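S.K.: what follows is a predicted structure for the sequence shown.
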Amino acid sequence: MNGRSTLNRLLMALSGLVLLGGGLLILTAGLDLYRRLHLAAPAGWPLTTPHDVLLSNADRIGWSDQGWWWWPAVIAGLVLAAVLALLWLLAQLRRRRPGSVHLGGTPPPESVEVRGRALSDAVTAEARALPGVEQASAHVTGRAARPCLHVALTLTDDGTPAPVLQALCHGPVAHARDCTGLPHLPTRAQLNVGKHKARRAE
């Protein structure tokens, strides 16, 4: 898992916890569960009855006495949080896979490009034909001028990781580098073991 995925999952987990806590707080007060279940709400706990409000008049007056800058600062903070959340959402929707790969790296004015999907399909088809490979998939990520190749292989029962990896490097990966003119095309390989039935020992 890369750093971006870890950050995304952490932010989603924190957002989910905040939303879950706020929803449970409002639901508990709206259904008047403290009174119905004969429970004592924690001291200073907001929203304990259906008639409670999150910010009372006394609280609003108290915060207003802090100075003229208080409410503009709160509004600015909320706007900033909304903008950051929107930018984060747009970053998730942005396509991570390049639509095409520039042959030779830096594209000249009359550059030749190959579709990223076509390159992925070619590597996938060649990788599936390797001995010891049961299933294979490949996809291209990164920018068009600096693509990265990710290959996932599922080995057969008699497949050995070392020979399969060597065949992958000298076969599909080498051919992809030759075809794109990128001798240093970064490649990441993931080897998995397929599910198979247990064998009887004789």
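M.R.: Cool, got the structure.

S.K.: hey, which helix is longest across this protein?
M.R.: Ordering each helix of the chain by length in residues (DSSP state H) puts helix 3-30 first.

S.K.: next secondary structure after that one?
M.R.: Once helix 3-30 ends, the next helix or strand along the chain (criterion: DSSP states H and E) is helix 33-36.

S.K.: quick one: buried residues of that next one?
M.R.: Residues Y34 are the ones in helix 33-36 that count as buried (16 or more other Cβ atoms under 10 Å). Every C-beta, even on glycine, is put in place using the N, C-alpha and C of the backbone.

S.K.: related to what we said a few turns ago, give me the distance between the longest helix of the chain and the centre of its chain.
M.R.: Between the centre of helix 3-30 and the centre of its chain there are 17 Å (Cα atoms, centre = their mean, to the nearest Å).

S.K.: neighbours of V114, how many?
M.R.: Residues near V114, counting by other Cβ atoms under 10 Å, number 17.

S.K.: I'd like the next helix or strand past the host helix or strand of it.
M.R.: Using DSSP H and E, V114 sits within strand 113-115. Counting by DSSP H and E, the next helix or strand C-terminal to strand 113-115 is helix 116-128.

S.K.: got a pLDDT number for the closest residue to A167 other than its chain neighbours?
M.R.: Counting by Cβ to Cβ, 6 or more residues apart in numbering, A167 lies nearest to L130, which is 5.0 Å off, once chain neighbours are set aside. As predicted, L130 sits at a pLDDT of 92.

S.K.: give the buried residues for the longest helix of the chain.
M.R.: For helix 3-30, burial by neighbour count (16+ other Cβ under 10 Å) applies to T28, A29.

S.K.: can you classify the nearest residue to N192 once chain neighbours are set aside by secondary structure?
M.R.: Once flanking residues are discounted, N192 sits nearest to T154: 4.8 Å by Cβ to Cβ, 6+ apart. The three-state assignment at T154 reads strand, by DSSP: H, G, I helix; E, B strand; the rest coil.

S.K.: okay, domains of this protein per the record?
M.R.: 1-54, 100-193 (automatic domain parsing).

S.K.: pick the most buried one from those domains.
M.R.: Burial of the domains of the chain is given as mean neighbour count (mean count of other Cβ atoms under 10 Å); domain 100-193 ranks first at a mean of 16.

S.K.: for L47, see how far away G23 is.
M.R.: Between G23 and L47 the computed distance is 11 Å (Cβ to Cβ, to the nearest Å).
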